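**Student:** Below: sequence and its predicted model.
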Amino acid sequence: MSALPHQQPKSARDNRRVAFATIVGTTVEWYDFFIYANAAGLVFAKLFFEPAGNDIALLISFASVGLSFLFRPLGAFLAGHFGDRLGRRAMLVLTLILMGAATTLIGVLPTYETAGLAAPILLLLLRILQGISAGGEWGGAVLMAVEHAPRSRRGLFGSFPQLGVPLGMLLASGVLSLMSGAISPGAAFVEWGWRIPFLLSFVLIIVGFIVRRSVEESPVFAEIATRKQQTRVPIVELFKKHWLLVILAALVFAGNNAAGYMTTGGYILSYATAPKGLAMDRTAVLLAVTASAALWFVFTLISGYLADSIGRKKTYLIGYACLIVTVFPLFWLINTGNIWAMLLGLSLFSVGLGLTYGPQAALYSELFPASIRFSGVAISYALGAIIGGAFAPAIATALVQATGTTMSVSAYLLIVALISTGAVLVIRERKGIDLGIDNQAEQEVGATIFDKRVPAVAADIAAKV
């Protein structure tokens, strides 16, 4: 008997193409996010919200950064629905174009001075489009990577989309540093230099579109489509049968996301450079954060190998243990005001970040049944991002203002990490499970340690024996 489509071996060239195609999209997504987050702190308050007054303008500017999170679930619902009905690749291409187009258009927006109230309204609308796109992008990239992967290497292949976060951070930091320090320093950066990083997203769209169009549809979905076994309303099916699993999967991600947004959300940068605080050199702090992103990249990749060798759960537990033991030393070292101590703290912290991010794609993909997998993966990720990262910088700021110490921030991160560790312990290791539609019965049950059910087919066989 010939192998099923999702079991057909792929050539090394096919594997490289899939890996590159999945990493491109997440890199674009996070490049766009970090460019926006930095521009919000540097120029958007002045260019789009200045009539509100300096303090309020800055608050609105930073609030616009978090606006995208509120619309990620909508993107996840839409991409999940159509991804389970029309295919993974179609959603992967569509979300890439939507994200890149929104980012590019921000680069040509008129300012409040030239367009009045229309300028901030257009900026917020484009930010909403970015959020919708981001909500669907990750799920498509993950499933294309994992469902194309050899069964024994899903952890590694699934880590490739995850590498887009540190890569996007490195790319955004590099482009911004180049524009503000060399090409358009001083007033030129405010006048026109900030636009260039946004316009560069157009180039990434073209590269990503060409690469992603060259990759075949996920073999799992191709098999579903051939047999016409798509679920009519996958989201309804997901929440009817697997609502608890969605919550648990979201909680698994929350601890990593809350910790990650201490750096990627700009909290540590703001805290360390505040004139009334540590008043550390902004460039030095940026370089320390960038260096930690490189280490984050390395350990995300390492975790992909670990997930294949020792399992997803063990890798996660090791990663969360690393985060738990570093949440207090992180701020102890930062509070010394010494840049090298800060770099050490961020580096130690990045080990746990990488180890709890790399295995996520394989773990999520193996939790949900084939017919509703896109919906399950995308929605769990979006909810986890809201629970964990959307408000983490704001919570950290409020805690320090209320308590006067960063010990409260460390305690907050510790609590979220412990909750995520508990969620990991509840979920069952499903490394190597057949992801094809023929194995839907096994995929439907047994995803948590409390679920003792076995597939009906297996039960029938056992009864006959």
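**Tutor:** Thanks, I have the structure now.
**Student:** what's in contact with stretch 193-201?
**Tutor:** Residues from elsewhere that reach stretch 193-201 (C-beta atoms under 8 Å, 6 or more residues apart in numbering): 28, 31-32, 35, 39, 42-43, 99-100, 103-104, 106-108, 172, 175-176, 179-180, 183-185. C-beta here means a position set from N, CA and C on the backbone, and glycine is covered the same way.
**Student:** Also stretch 439-456?
**Tutor:** 241-242, 244-245, 248, 367-371, 425-428, 430, 433-435, 457-458, 462.
**Student:** Next, the buried residues of that stretch.
**Tutor:** If you call a residue buried by 16 or more other C-beta atoms under 10 Å, then stretch 439-456 has these buried ones: 439-440, 442-448, 455.
**Student:** which one of those residues sits closest to residue 189?
**Tutor:** Among the buried residues of stretch 439-456, residue 447 lies closest to residue 189 (C-beta to C-beta), at 50.0 Å.
**Student:** Quick check: residue 78 touching residue 132?
**Tutor:** Yes. Using C-beta atoms under 8 Å, residue 78 is in contact with residue 132, at 7.2 Å.
**Student:** what about the stretch 251-400 of the chain, any weak spots by pLDDT?
**Tutor:** Counting by pLDDT under 70, the stretch 251-400 of the chain contains low-confidence ranges at 264-266.
**Student:** Helices of that one, residue ranges please.
**Tutor:** 267-273, 282-309, 312-334, 339-355, 360-367, 373-385, 392-403 (DSSP state H, counting those that start in this stretch).
**Student:** still on that earlier bit, narrow the contacts of stretch 439-456 to those that are buried.
**Tutor:** Among the contacts of stretch 439-456, those classed as buried by neighbour count (16+ other C-beta under 10 Å) are 242, 245, 248, 367-371, 426-427, 430, 433-435.
**Student:** what's the farthest-apart pair in the residues you listed?
**Tutor:** 371 and 426 (23.8 Å).
**Student:** re earlier: out of the helices of the stretch 251-400 of the chain, which is closest to residue 153?
**Tutor:** Closest approach to residue 153 among the helices of the stretch 251-400 of the chain (C-beta to C-beta): helix 282-309, 5.8 Å.
**Student:** how much does that closest one deviate in direction from helix 312-334?
**Tutor:** With axes from the mean of the first three to the mean of the last three C-alpha atoms, to 10 degrees as the basis, helix 282-309 and helix 312-334 are set at 160 degrees to each other.
**Student:** Check which helices and strands helix 282-309 sits against.
**Tutor:** Judged by 3 or more C-beta pairs under 8 Å, 6 or more residues apart in numbering; DSSP states H and E, the packing partners of helix 282-309 are helix 154-162, helix 164-178, helix 267-273, helix 312-334, helix 339-355.
**Student:** Please find the angle between the direction vectors of it and helix 360-367.
**Tutor:** Angle, helix 282-309 to helix 360-367, by the same axes, to 10 degrees: 40 degrees.
**Student:** Quick one: distance of helix 282-309 to the chain centre.
**Tutor:** Centre-to-centre, helix 282-309 and its host chain are 14 Å apart (C-alpha atoms, centre = their mean, to the nearest Å).
**Student:** Please identify the buried residues of it?
**Tutor:** Going by neighbour count (16+ other C-beta under 10 Å), the buried part of helix 282-309 is 285-286, 288-290, 292-293, 295-297, 299-304, 306-308.
**Student:** try stretch 334-354
**Tutor:** Going by neighbour count (16+ other C-beta under 10 Å), the buried part of stretch 334-354 is 334-335, 339, 341-354.
**Student:** Kindly report the same for stretch 16-29.
**Tutor:** By neighbour count on 16+ other C-beta under 10 Å, the buried set for stretch 16-29 is 17-29.
**Student:** CSV please, covering those and showing distance to residue 376.
**Tutor:** Below are those laid out as CSV (distance: C-beta to C-beta, whole Å):
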residue, distance to residue 376
17, 26
18, 21
19, 23
20, 26
21, 22
22, 18
23, 22
24, 24
25, 19
26, 19
27, 24
28, 24
29, 20
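**Student:** for these, which one is nearest residue 226?
**Tutor:** Nearest to residue 226, judged by C-beta to C-beta, of the buried residues of stretch 16-29 is residue 18 at 19.9 Å.
**Student:** Residue 375 versus residue 140, what's the distance?
**Tutor:** Per C-beta to C-beta, to the nearest Å, residue 140 is found 12 Å from residue 375.
**Student:** Common neighbours of these two, please.
**Tutor:** With C-beta under 8 Å, 6+ apart as the test, residue 140 and residue 375 both reach residue 83.
**Student:** picking up where we left off before, may I see the PyMOL selection of the buried members of the contacts of stretch 193-201?
**Tutor:** Only the buried entries of the contacts of stretch 193-201 go into this PyMOL selection, using 16+ other C-beta under 10 Å:
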select buried, resi 28+31+32+35+39+42+43+99+100+103+104+106+107+172+175+176+179+180+184
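**Student:** Please narrow the contacts of stretch 193-201 to those residing in helices.
**Tutor:** Among the contacts of stretch 193-201, the residues falling in helices (DSSP state H) are 28, 31-32, 35, 39, 99-100, 103-104, 106, 172, 175-176.
**Student:** Could I get those residues in a markdown table, plus columns for distance to residue 362?
**Tutor:** Output for the ones in helices among the contacts of stretch 193-201, formatted as a markdown table (distance: C-beta to C-beta, whole Å):
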| residue | distance to residue 362 |
| --- | --- |
| 28 | 22 |
| 31 | 24 |
| 32 | 25 |
| 35 | 29 |
| 39 | 34 |
| 99 | 24 |
| 100 | 27 |
| 103 | 29 |
| 104 | 33 |
| 106 | 34 |
| 172 | 27 |
| 175 | 31 |
| 176 | 33 |
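**Student:** Adding distance to residue 153 and pLDDT, write the residues you listed out as JSON lines.
**Tutor:** Shown next, in JSON lines, are those (distance: C-beta to C-beta, whole Å; pLDDT from 0 to 100):
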{"residue": "28", "distance to residue 153": "24", "pLDDT": "78"}
{"residue": "31", "distance to residue 153": "27", "pLDDT": "86"}
{"residue": "32", "distance to residue 153": "29", "pLDDT": "81"}
{"residue": "35", "distance to residue 153": "33", "pLDDT": "85"}
{"residue": "39", "distance to residue 153": "38", "pLDDT": "82"}
{"residue": "99", "distance to residue 153": "28", "pLDDT": "85"}
{"residue": "100", "distance to residue 153": "29", "pLDDT": "85"}
{"residue": "103", "distance to residue 153": "32", "pLDDT": "90"}
{"residue": "104", "distance to residue 153": "35", "pLDDT": "92"}
{"residue": "106", "distance to residue 153": "38", "pLDDT": "94"}
{"residue": "172", "distance to residue 153": "30", "pLDDT": "83"}
{"residue": "175", "distance to residue 153": "33", "pLDDT": "84"}
{"residue": "176", "distance to residue 153": "35", "pLDDT": "79"}
